[in-house]
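Visitor: Here is my input; please provide its structure:
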Amino acid sequence: MNCFRRLECYICSITNSKLMRKITILKPLLAVLLMATAPFSSMAQTFLQKSTGFPVNGTNSRNISIVDDNVVWAYGGNTTYFSISTDKGNTWTVSPSGLPASYLIPDLAALSATTAYIAVNDFANGLSGVYKTTNSGTLWVRQSTAAFDVNSFINLVQFFDASNGVAMGDPDDLGYFEIYTTANGGDLWTRVPQTSIPALLPGEYGLSSWYDQVGNTFWFMSSAKRLYKSLDKGLNWTSVAYDTLLPGSTGFSFSDANKGLMYSKDGSNLNLYRTLDGGATFTAVPLAGVSDIFSIEYIPGTTAVLLSGTGGVYYSNNDGNSWNSLGATVFTGALKFKNRNTGFGEAATVSPTNGGIMKFANTISLIGAQIGTPWTTDLDLTTTDGTTYTLLSQVLQAGGLKFRQNHEWTPGSVDWGSAAFPSGIGVNGGANIPVVAGTYDITLNVLTGAYNFSEVLAVSDFEKVNFKLFPNPADSFLTIHSQKMITNVTIYEPTGKKIIEIDNPEPQMDVSKLSSGIYLMRVTADGQIHQTKFIKK
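Guide: Numbering: from 1, shown residues only. Coordinates of the predicted model:
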């Protein structure tokens, strides 16, 4: 049963008028989210379709929670399945939650590959509240100190770090929002007193999944067109009305504690607003070239922001002042980004081995006057951590070069350049890097802009400098003979992935655990890097 049908069943069984109003609001939103269930045949180059393994065709991934650059969780929207990736979203492991199918789960907050929290609404049994797992979603335990009133509706649960979290539900019979905080990883939840929350407006309640968090600051929306804000991890709240903005559905995202964007959508009428004071005031921003919006997401701490809608994905690198299309990729829900390199979009499951989530693919490359077709051909770098990108043993001719993102130029992407060589700090739109002819190991840190071209001798020059490597091919051991003092030996796979690094090595190295194949070896001696290849039998 999908989410839309499940909500209709809830309507039949619920007599509380507040819950019925809330579900009435959620139904059209879910109808929009469930529209795009066809395979993604024309993806933008910046997103790749991945399989979450959800077993039900047409299942939408919901409530993506990014722990770090490696660990990501997703909930299977209209099933009781969770899927977890520990390799940057490339492969996923799915498992049943063991929760009743009647539960409505509007939010998920993961803290590690094993520990996560969910917001649960159980109208049939009165067991709504915050639930916790410590075994990757196989068993969920209701947290008794954040149980929530039977007449409430829990909208969200989120964590600022491993210890501090907040959970928000609609006003209960006491007449104020039911908000809980924890400072010990969820072992104990304490309700925020009424004096710390603005007084309710008539009929006001919270909106599920429409919130944001930057540092210790948290925002959520209410049905009365108010933006609630806490500066201290949910302990105290203020609110500001945004009813002067155009009617219709809205959404928002913040880059930092002060700067954010909010959109307003009323039919085909789209508007965008910017705040520079944390949401206290908003000013209109021109919105040209965007055909539809149902999700907005800042890449935290940057000027980059993405919009998704039925027309595809749009990207701005200047706080929404101008927009570029990233193609016709259609998502079924929100975009979520941890940083410039780690982001995901909620998507439909076509089959258990096809779809369920879209992964942002951040391509970093070199381009320049002496590479292939000048200023057209890209040399892609590789990364293992999403921050430092590497290109090994690249032969370069003299000439100007730059690093750039996703094979594009600004404003649709970022490039790095500087007049310094062989190392420097690249800046967006900077000068061409004046490369000297040679063979280099090349690195770029996309967070700091720091780059380095480290010159290495070609493989053919290894024995010319009195190095010997034997036996080659090798079975169990390799011996390196040199007249120079060797200070480091590093072995790489052909893809450039580092697999062994030894400082001050012995002459004989154990390679018995390596798989059969060809490997690249880097030897550092007297401050110079020399390289060769060897074969493992």
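Visitor: Please name the bridge partners of the residue nearest the centre of the chain.
Guide: Central residue of the chain (Cα atoms, centre = their mean): Gly343, 2.6 Å from the mean position. Beta-bridge partners for Gly343, by DSSP bridges, are Phe337.
Visitor: do Leu272 as well
Guide: Beta bridges link Leu272 to Tyr263, Val285 when assigned by DSSP bridges.
Visitor: So it sits against Ala288, correct?
Guide: No - look at Leu272 against Ala288 with Cβ atoms under 8 Å: they stay out of range, at 9.9 Å. Bear in mind the C-beta positions are built from the backbone N, C-alpha and C, glycine included.
Visitor: how about the helices in the stretch 1-150 of the chain?
Guide: 3-13, 17-33 (DSSP state H, counting those that start in this stretch).
Visitor: lowest-confidence stretch among those?
Guide: When those are compared by mean pLDDT, helix 3-13 comes last with a mean of 31.
Visitor: Could I get the full set of strands for the stretch 51-200 of the chain?
Guide: Using DSSP state E, counting those that start in this stretch, the strands of the stretch 51-200 of the chain run over 62-66, 72-75, 81-85, 93-96, 104-110, 116-121, 129-133, 141-142, 154-159, 165-171, 177-182, 190-191.
Visitor: closest one to Gly203 among the ones you listed?
Guide: Checking those against Gly203 by Cβ to Cβ gives strand 165-171 as the closest, at 9.6 Å.
Visitor: ok now the closest one, how far from the chain's centre?
Guide: 24 Å (Cα atoms, centre = their mean, to the nearest Å).
Visitor: swap in stretch 468-475?
Guide: Distance, stretch centre to chain centre, for stretch 468-475: 43 Å (Cα atoms, centre = their mean).
Visitor: then that stretch to PDB, C-alphas only?
Guide: Output of stretch 468-475 as PDB, limited to C-alpha atoms (Å, rounded to 0.1, in the frame of the first residue of the first chain):
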ATOM      1  CA  LYS A 468      66.000  -2.500  -9.100                       C
ATOM      2  CA  LEU A 469      62.800  -4.400  -8.400                       C
ATOM      3  CA  PHE A 470      62.700  -8.200  -8.400                       C
ATOM      4  CA  PRO A 471      61.200 -10.700  -8.900                       C
ATOM      5  CA  ASN A 472      58.700  -9.200 -11.300                       C
ATOM      6  CA  PRO A 473      56.100 -10.800 -11.700                       C
ATOM      7  CA  ALA A 474      56.100 -11.500  -7.900                       C
ATOM      8  CA  ASP A 475      54.300 -14.200  -5.900                       C
END
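Visitor: Could you give me the buried positions within it?
Guide: By neighbour count on 16 or more other Cβ atoms under 10 Å, the buried set for stretch 468-475 is 469, 474.
Visitor: ok, and what's touching it?
Guide: Residues outside stretch 468-475 that contact it (Cβ atoms under 8 Å, 6 or more residues apart in numbering): 462, 478-482, 511-512, 521, 532, 534-537.
Visitor: can you check stretch 180-191 too?
Guide: Stretch 180-191 is contacted by residues 111, 117, 130, 132, 143, 145-146, 162-167, 178-179, 192, 233-235 when judged by Cβ under 8 Å, 6+ apart.
Visitor: Can you give me the domain boundaries for the chain?
Guide: 3-360, 364-455, 459-536 (automatic domain parsing).
Visitor: hey, which of these is tucked in deepest?
Guide: Mean neighbour count, computed with mean count of other Cβ atoms under 10 Å, is highest for domain 3-360 among these, reaching a mean of 19.
Visitor: sorry, back to before: can you flag which of the contacts of stretch 468-475 belong to helices?
Guide: In helices, judged by DSSP state H, none of the contacts of stretch 468-475 are found.
Visitor: List just the nearest of those to Leu326.
Guide: Of all these, Leu326 sits closest to Met521, with 40.0 Å by Cβ to Cβ.
Visitor: Pull the contacting residues for the closest one.
Guide: Neighbour list for Met521: 469, 489-492, 531-534 [criterion: Cβ under 8 Å, 6+ apart].
Visitor: Return the closest of those residues with respect to Trp323.
Guide: If you rank the contacts of Met521 by distance to Trp323 using Cβ to Cβ, Tyr492 comes first, at 40.1 Å.
Visitor: ok, now which ones touch the closest one?
Guide: Residues near Tyr492 by Cβ under 8 Å, 6+ apart: 392, 498-499, 519-522.
Visitor: Quickly note the distance from it to Asp510.
Guide: Noted for Tyr492: a distance of 17 Å to Asp510, by Cβ to Cβ, to the nearest Å.
Visitor: Surely Pro198 is in contact with Val240?
Guide: No - using Cβ under 8 Å, Pro198 makes no contact with Val240, being 9.5 Å away.
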